[in-house]
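Q: Below are the sequence and a predicted model; questions follow.
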Amino acid sequence: MIKLTRIDGTSFYVNPDLIEIMEATHDTHLTLTNGDRYICSDDPDVIVERIAEFRRMSFGAIRRSA
């Protein structure tokens, strides 16, 4: 899960595997594979980096246990 910030400043977590579309307007709009939509204040480049870090952590855990 990656941590994102709503427009009102509260935090929420989303499974990055479910992100289908990310649109950068004044805010960042995420559409998940199930059709749910979220608006967050995080910059799309920051979200991409968080997804990359999530993947590095996930695959690193798999490699260490193998």
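A: Right, received. Where do you want to start? Residues are numbered from 1 along each chain as shown.
Q: And the pLDDT for residue 60?
A: At residue 60, the model reports a pLDDT of 76.
Q: Same question for the one 4 residues further on.
A: As predicted, residue 64 sits at a pLDDT of 61.
Q: Quick one: residues contacting residue 14.
A: Residue 14 is in contact with 1, 2, 4, 30, 32, 38, counting by C-beta atoms under 8 Å, 6 or more residues apart in numbering. All C-beta spots, glycine's among them, are computed from the backbone N, C-alpha and C.
Q: What is the distance between the helix or strand of the chain with the lowest mean pLDDT and the centre of its chain?
A: Lowest by mean pLDDT, DSSP states H and E among the helices and strands of the chain is helix 44-65, with a mean of 86. Helix 44-65 has its C-alpha centroid displaced from the chain centroid by 11 Å (C-alpha atoms, centre = their mean, to the nearest Å).
Q: and if you look at stretch 25-44?
A: 9 Å.
Q: What are the buried residues along that stretch?
A: 28, 30, 40, 42 (16 or more other C-beta atoms under 10 Å).
Q: Quickly name whichever of the residues you listed is closest to residue 18.
A: residue 30 (9.0 Å; C-beta to C-beta).
Q: ok, and the closest non-adjacent residue to that closest one?
A: Nearest residue to residue 30 in three dimensions, chain neighbours excluded: residue 38, at 4.6 Å (C-beta to C-beta, 6 or more residues apart in numbering).
Q: Contacts only, for that neighbour.
A: 4, 6, 12, 14, 29, 30, 32.
Q: For it, pull up the helix or strand it's in.
A: strand 37-40 (DSSP states H and E).
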